[in-house]
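Peer 1: give me a model of this one.
(chains A and B)
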Amino acid sequence: MSSPTTGTSTATTSGSPSFWRMCWLIASKDLRVERRSRVVTNQVLPFAGVTMVIFAFALDKETVLEQVAPGLIWLATMFSLLVLVQRAFGIEADDGALDALRVAGVDARAIFVGKALALSAQLLLLEAVLLVLAIVLYRQTVPAGGVVLLVTTLLTATCGLAAVGTLYGGLAAGIKGRETLLPLLTLPAVAPVLIGATRAVEAALGTVGAVVSDGWPWVGLLVVFAVAFGVGGALAFGPLVDE
Amino acid sequence: MTTDALPTQPVVALREVVAVLGDFPALAGADLEVARGEIVLLRGPNGAGKTTLLRLCAGLVPITRGTAHVVGHDLATERDAVRRRVGLLGHQNGLYRDLSVAENIRFWGSTVGATEAELAAAMQRLGVDGRIRDVAVGTLSAGQRRRTALACLVARRAELWLLDEPHAGLDAAARDELDHTLRQAAAAGATVIVASHELERAGSLATRWVDVVAGQTREAGS
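Peer 2: All right, here's what the predicted structure looks like:
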């Protein structure tokens, strides 16, 4: 048996991981980095909370706040998304890890899916906190009949946001001035999610007389968006990062 | 032919390779042949094409013209197969600063399905299995980070090590450790290509020297 240094041993080695195993490795690595650095809990969540409070100061009228609360939740989510994406690719760019992943021959689609999964987990936590803040600060209530719509909206919108964030985060990662480029690329692209998710959450919460059935067509839009950016992003990620 | 490099085949075989980056011909007809177990020093002035040559061998720079076979695969058509078997260590280490030494090595090893025994052997070989194994990489010295990065290459089963200025930022003791590690790796069958300005140190390490000038290569001795 040869030395482990050369990597030519066959007796003690196993094969490369499957696609989904690689996705899981990337996602769990990202989540472990976040758990260690505590950027989400110490910076992103407070940032999102402050944004919600600032909105309350700016609008300063309970009736208005109650009416626009769903939109404010998603605006705060999108601003926080930018911070999360910068961070997700900052850890790859800091010490050349993204290049190392490419040299290691890791499937670019697995990098995309893994990073999008980790981003989704963080976004879901963020959205849950923002929803609670909206209930406390903006006097929102969640009727029992709207829970399924609300949860479905959160899941589908999160998938779409994570896909767009990962795609443009990867694109901007190797570019000078990525801090300013990322919002310019991302915010217009996620506008359909902002609109669809806001309308769907309005229906789930019964804001300004909306009913639950009004929300499902918007969920359809969110699903189409998530699938389009999920599939398109996975296919385009490799060439974009390589270029 | 897509089979892996046999022991008698060169690990790197470049013929008249041209690589144009934007409008700039970073490599203008480079030839290079490296046998298994060699430590080759690339030397030359800034901008001569040393880093491009290393990145090309790692599959990060596309070939404009010429032919290139690395670890038995054609770089033009089998880039992913090449990438899985080479390790590039540039000015950066490719590590996650918030993760510990052991977690970094485990992650990179897991990309090729390395076993626990292989991970432990990699850590032991590079001397990062002691008290620093559970320390966050961001808190380590430059030399310790370099050793951790090399352990990741071992865990990844890299057969061809491409090192760009590996001695930069290291103190004398860390440089000696690095040289010792590279000699051990070559003795065990790994192939090492080093680009360096530190000719005295890297020159004593190398078994062969190659000059890179204006994107072309020239044998300079052994």
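Peer 1: which residues of chain B score low on pLDDT?
Peer 2: B:1-8, B:201-203, B:222 (pLDDT under 70).
Peer 1: break it down into its structural domains.
Peer 2: B:1-85+B:159-222, B:95-157 (automatic domain parsing).
Peer 1: report the distance from the longest one to the chain centre.
Peer 2: Taking C-alpha atoms, centre = their mean, to the nearest Å, one finds the center of domain B:1-85+B:159-222 at 7 Å from the center of the full chain.
Peer 1: same question for the shortest one.
Peer 2: From the chain centre to the centre of domain B:95-157 is a distance of 16 Å (C-alpha atoms, centre = their mean).
Peer 1: list phi and psi for the spatially most central residue of chain B.
Peer 2: The centre of chain B sits closest to residue B:162, judged by C-alpha atoms, centre = their mean, with a distance of 1.7 Å. Here is the backbone geometry of residue B:162 (degrees, to the nearest 10): phi -110, psi 110.
Peer 1: now do the same contact list for it.
Peer 2: Applying C-beta atoms under 8 Å, 6 or more residues apart in numbering or on different chains, we find residue B:162 in contact with B:54-55, B:57-58, B:86-89, B:193. Using the backbone N, CA and C atoms, a C-beta is placed for each residue, glycine as well.
Peer 1: ok, now how distant is the closest residue to residue A:222 other than its chain neighbours from chain B?
Peer 2: Leaving aside its chain neighbours, residue A:222 sits nearest to residue A:156 (3.9 Å; criterion: C-beta to C-beta, 6 or more residues apart in numbering or on different chains). Applying C-beta to the nearest C-beta, to the nearest Å, the value for residue A:156 to chain B is 30 Å.
Peer 1: surely residue A:156 meets residue A:216?
Peer 2: No - if you go by C-beta atoms under 8 Å, residue A:156 and residue A:216 don't touch, sitting 11.0 Å apart.
Peer 1: of those two, which one has the most company?
Peer 2: Between residue A:156 and residue A:216, residue A:156 has the larger neighbour count (other C-beta atoms under 10 Å in any protein chain shown), namely 24 against 14.
Peer 1: so what pLDDT did that one get?
Peer 2: Residue A:156 is assigned 97 on the pLDDT scale.
Peer 1: helix or strand for it, which one?
Peer 2: Assigned by DSSP states H and E, residue A:156 belongs to helix A:147-173.
Peer 1: what comes up buried for the next helix or strand after that helix?
Peer 2: With elements assigned by DSSP H and E, the helix or strand that comes after helix A:147-173 is helix A:178-189. By neighbour count with 16 or more other C-beta atoms under 10 Å in any protein chain shown, helix A:178-189 contains the buried residues A:178, A:182-183, A:185-187, A:189.
Peer 1: go on, stretch B:36-49?
Peer 2: Neighbour count says stretch B:36-49 has B:36-44, B:48-49 buried, by 16+ other C-beta under 10 Å.
Peer 1: take those residues and keep only those in strands.
Peer 2: B:39-43 (DSSP state E).
Peer 1: quick one: those as CSV, columns for distance to chain A too.
Peer 2: CSV is the format used below for these (distance: C-beta to the nearest C-beta, whole Å):
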residue, distance to chain A
B:39, 13
B:40, 17
B:41, 20
B:42, 18
B:43, 23
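Peer 1: now, which of those residues sits nearest residue A:55?
Peer 2: Closest to residue A:55 out of these is residue B:42 (57.5 Å), distances taken as C-beta to C-beta.
Peer 1: the closest one contacts residue B:197, correct?
Peer 2: No - using C-beta under 8 Å, residue B:42 is not in contact with residue B:197, being 10.5 Å away.
Peer 1: joint contacts of these two?
Peer 2: Residues touching both residue B:42 and residue B:197 by C-beta under 8 Å, 6+ apart: none at all.
Peer 1: the residue nearest the centre of chain A: what's it in contact with?
Peer 2: Most central in chain A under C-alpha atoms, centre = their mean is residue A:162, positioned 3.2 Å from the mean C-alpha point. Applying C-beta under 8 Å, 6+ apart, we find residue A:162 in contact with A:116-117, A:119-120, A:123.
Peer 1: buried subset of those, written for PyMOL?
Peer 2: Entered in PyMOL, the line below selects the buried ones among those, by 16+ other C-beta under 10 Å:
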select buried, chain A and resi 116+117+119+120+123
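Peer 1: and the contacts of residue A:162, which is closest to residue A:79?
Peer 2: Nearest member of the contacts of residue A:162 to residue A:79, counting by C-beta to C-beta, is residue A:123, at 12.2 Å.
Peer 1: return the distance of that closest one relative to chain B.
Peer 2: Counting by C-beta to the nearest C-beta, the gap from residue A:123 to chain B is 20 Å.
Peer 1: nearest spatial neighbour of that residue, skipping sequence neighbours?
Peer 2: residue A:158 (4.8 Å).
Peer 1: quick one: the one you found from residue A:128, how far?
Peer 2: Distance of residue A:158 to residue A:128, computed by C-beta to C-beta, to the nearest Å: 11 Å.
Peer 1: of these two, who's got more company?
Peer 2: Set side by side, residue A:158 and residue A:128 show more neighbours around residue A:158, with 25 against 11, by other C-beta under 10 Å.
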